Structures are given as structure tokens and as C-alpha cells.
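A.B. asks: 3D, please:
(chains A, B and C)
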Amino acid sequence: MPWRGEKDPYRVWLSEVILQQTRVDQGWSYYLKFLKAYPDLSSLAQAREEEALLAWQGLGYYSRCRHLLEAARMIATRFGGKFPERHEDLLSLPGVGAYTAAAIASFAFGLPHAVVDGNVIRVLARFFGIGMAPGTAEGKAAFAGLADRLLDRKDPGMHNQALMDLGAQVCSPRSPSCPHCPLQGRCIAYRSGQIKLLPTRDPGPRVTDRYFHYLVIQAGDSVYIRKRTSNDIWKHLYEFPLIETKRPLGPEKLIRSRPFCDLLGNLDFRIWETRKAPLQKLTHRRIHGSFTRILVPESSARLEGFLRVPVTELSRYAFPRLIFSFLQGNPLTLLGLMTGL
DNA sequence: AATCCGGGGCG
DNA sequence: CGCCCAGGATT
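C.D. replies: Below is the predicted model:
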């Protein structure tokens, strides 16, 4: 690896920040570019953010670049232009978290702080057969503690580098080179055939259920809709009047519920039918939808806060798939004629 | 504790 | 093309 043996804290810091969430072959040219434009701390502290961001362009996670300049200026003022050595001081720099602080402390200053990045976690999880998910508080503590106990205090920088190199080049995420791994014989995951299962992937966002009861209120050839504006799923898409509940609610209870009466209270209405929508699965939600078709006289007062739209023009509005699918399977026309309302 | 922040690589 | 990767800040 090109940064092997680098001891200059500025260079270590710069490379570690650039290499956060970034592959070496993607980030390395940016590192060289930055080093050329800003060869030392003071030149970076004086850099114009516009210019630095331009150099960062295409690398992503642009707050890293802003934090870089912020931290450089903080070092210039608060630390008298001298790169801080204490882990605690490093942590106080914007954009420097536990990983980067440990990397600088150990690589540049030889201080005994264990780095715990994705590579290290993968090696430890496999070698020791640890099934805890790294993203949980429990898992974080476990891997950090283990890495710290394992650290070679004679040469923390070398130890950290070796562990990360092993994770990056041999103990890779998908198809690790176990046949070439020096630790193969003592690797719990390898010996028990758990390589593909470790490390345990973080639990996805926990899935919660939401119950959306849509009221398809038809007045003659028109129907009521509105735009979703709150910070929620489907923002800026349209929908029918909605009653949401935290628990399942049958049609009978729905039409006697408070929100239902508030909405339709003094209107002359007739329930036509209720049908359930197929379960809609989102990343962290399951939407249980239902559509209750309700007829009101064409002449009835307009519902406040809603658009009254001819059913033939519904195609001009963007709906969530849940609603769009319902519309495709349930043409809303002719209902008024059939019922005489 | 959950969510956001951008890219690229891989199957 | 969808899935995966991942450190730090924010809320």
C-alpha cells in the first residue's frame, strides 16, 4: 500500500479522511492532487473552500472536504499550528471520529490506539467467530474492546496497518482468499464453514406496520384527492383522504371512527365497498392499505382541504404505487350512473 | 438509535 | 440493475 510507513500526521490525516468509505484506487489520485495543492497544514488552513471543493469534486461525501478545512483552521488557531497528538484532541477535530483519531495517533505518533474499521471488524468477526452485528451498540463495544486487547503495544502502527491490510487484501468481504491466508488454520469462521455468514450484517431498519385506510369519495364523476406535504413517505405525491391507524381496523369500525365522522359527518353518503390492497413493502415499513369507496351526492358541499378531480383526470397526478395499482384494477367511472346518486 | 451523506464495484 | 460497502455528523 502506497501510504505504508507514512509518519507525517498531516499526510496520514489527509489520506485517512479521503479514504473513508472510499476505495484506494478511487481516492488515491485525489490524495495526490490535494497534497500538491495543499502540501502542508498551513496551506490547507488558508485554502478557499470553493477551490478545495472543486478539487474534491467527484469524490462524494462533500462534508469531508468542508470538515478538512475547518479542522485545518482549528489546528492553526487552537493548537498553534502544531498537529495535536492526543487521541482526545484528535477526536475534537471536525470529521475525525474514533477510527481516524486512532489511525493518526498510531501511524503518526506511535500511540497505542487500535483502529476499528470495516476491514478490522471483518477479520475479527471471522477469526474469532463473533456473531454480533457491528452496527449495534453491543457489537461496537465488543469489537472495539477486542481490538484494543489485541493491539501490539510495541508497534501499534504496524499492528493496525497489518490488520487492515489483511482485511482489505485477503479477508475480503465476498470472496476472501482463505487458501492464501496466514491465519486460515486458526480462523473459527473458516474451520466451521461460516466465512460467508460473518461478520453478521447489521440488522436492517426495523420494519414497522402502518395501516392506511383510504376513502375514495366519489361525487358524480369526481373524486377527492390531496397532495402529501408532510415529511413522510410519498412526499409530494397525491392520495385520497386518508385515515391512518397504528393497528388493523375493519370497515365497520372504520366508518364509526372519529376521523371518519369528522370527515364525512354531515354529508349524505353511502358506502359502496371496501377492498384491501396488496401488502406494500418498503425498506422499513409495511403498508397495509385499504380502499373504501364512498358515494356522495354530486351536489354536496366540497370537502375542505381536498381537490375535487374528475376521475378521467386522475392520470395527471402522481400517486404512490399502492394507489396507482388500486386505480388500475378499479375503474371509478360509471358508479354514479349505476347508483343513481 | 436512526438517518443522511455520494460514489463505485460486484454478482 | 439491484445490492453492498462504510465513518462521521446530525437529530
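A.B. asks: what is the mean pLDDT for the top helix by length along chain A?
C.D. replies: Ranked by residue count under DSSP state H, the longest helix found in chain A is helix A:63-78. Per-residue pLDDT values over helix A:63-78 give a mean of 93.
A.B. asks: what's the burial count for A:Ala144?
C.D. replies: Neighbours of A:Ala144 under the rule other Cβ atoms under 10 Å: 17. Bear in mind the C-beta positions are built from the backbone N, C-alpha and C, glycine included.
A.B. asks: same question for the one 4 residues further on.
C.D. replies: Here the neighbour count serves as a burial measure; for A:Asp148 (other Cβ under 10 Å) it reads 13.
A.B. asks: now it. Nearest residue, chain neighbours left out?
C.D. replies: Nearest non-adjacent residue to A:Asp148, counting by Cβ to Cβ, 6 or more residues apart in numbering: A:Ala114, 4.8 Å away.
A.B. asks: over to that neighbour. Which of the three states is it?
C.D. replies: Assigned with DSSP: H, G, I helix; E, B strand; the rest coil, A:Ala114 falls in the coil class.
A.B. asks: just checking, it touches A:Gly145?
C.D. replies: No. Under the criterion of Cβ atoms under 8 Å, A:Ala114 is not in contact with A:Gly145, lying 9.4 Å apart.
A.B. asks: show me chain A divided up by domain.
C.D. replies: According to automatic domain parsing, chain A comprises the domains A:1-113, A:115-203, A:208-339.
A.B. asks: what's the least confident stretch among those domains?
C.D. replies: Among these, domain A:208-339 scores lowest, at a mean of 83.
A.B. asks: all helices for the stretch 51-200 of chain A, in order.
C.D. replies: A:63-78, A:87-91, A:98-109, A:118-127, A:137-150, A:156-165, A:188-191 (DSSP state H, counting those that start in this stretch).
A.B. asks: any chance of those in JSON lines, plus distance to A:Gln46?
C.D. replies: Converted to JSON lines, the helices of the stretch 51-200 of chain A look like this (distance: least, Cβ to Cβ, whole Å):
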{"stretch": "helix A:63-78", "distance to A:Gln46": "8"}
{"stretch": "helix A:87-91", "distance to A:Gln46": "22"}
{"stretch": "helix A:98-109", "distance to A:Gln46": "21"}
{"stretch": "helix A:118-127", "distance to A:Gln46": "34"}
{"stretch": "helix A:137-150", "distance to A:Gln46": "36"}
{"stretch": "helix A:156-165", "distance to A:Gln46": "30"}
{"stretch": "helix A:188-191", "distance to A:Gln46": "49"}
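A.B. asks: for A:Arg11, which of these is the nearest?
C.D. replies: Distance to A:Arg11, taken as Cβ to Cβ, is lowest for helix A:98-109 among the helices of the stretch 51-200 of chain A, at 8.4 Å.
A.B. asks: quickly note the distance from the residue in the stretch 201-341 of chain A that DNA strand C sits nearest to to A:Val170.
C.D. replies: As assessed by Cβ to the nearest atom of the strand, DNA strand C sits closest to A:Arg201 within the stretch 201-341 of chain A, at 5.3 Å. To A:Val170, A:Arg201 is 20 Å away according to Cβ to Cβ, to the nearest Å.
A.B. asks: re the thing from before, now do the buried residues in the longest helix of chain A.
C.D. replies: A:Arg64, A:Cys65, A:His67, A:Leu68, A:Leu69, A:Glu70, A:Ala71, A:Ala72, A:Arg73, A:Met74, A:Ile75, A:Ala76 (16 or more other Cβ atoms under 10 Å).
A.B. asks: distance of the third one relative to A:Tyr211?
C.D. replies: What that stands for is A:His67. For A:His67 relative to A:Tyr211 (Cβ to Cβ), the value is 42 Å.
A.B. asks: sorry, back to before: now do the contacts for the residue nearest to A:Asp148.
C.D. replies: Shown in contact with A:Ala114 (Cβ atoms under 8 Å, 6 or more residues apart in numbering): A:Ala102, A:Ser106, A:Val120, A:Ala144, A:Ala147, A:Asp148, A:Leu150, A:Leu151, A:Pro156, A:His159, A:Asn160.
A.B. asks: generate a ChimeraX selection restricted to the buried subset of those residues.
C.D. replies: Entered in ChimeraX, the line below selects the buried ones among the contacts of A:Ala114, by 16+ other Cβ under 10 Å:
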select /A:102,106,120,144,147,151,156,159,160
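A.B. asks: looking at the contacts of A:Ala114, which is nearest A:Pro182?
C.D. replies: A:Pro182 has its nearest neighbour among the contacts of A:Ala114 in A:His159, at 14.5 Å by Cβ to Cβ.
A.B. asks: pretty sure that closest one contacts A:Leu151?
C.D. replies: Yes. With contact defined as Cβ under 8 Å, A:His159 and A:Leu151 form a contacting pair (5.8 Å).
A.B. asks: sorry, back to before: tally of neighbours for the residue of the stretch 201-341 of chain A closest to DNA strand C?
C.D. replies: Applying other Cβ under 10 Å, I find that A:Arg201 has 10 neighbouring residues.
A.B. asks: so how far is A:Asp40 from it?
C.D. replies: 41 Å.
A.B. asks: also A:Gln57?
C.D. replies: From A:Gln57 across to A:Asp40, the span is 22 Å (Cβ to Cβ).
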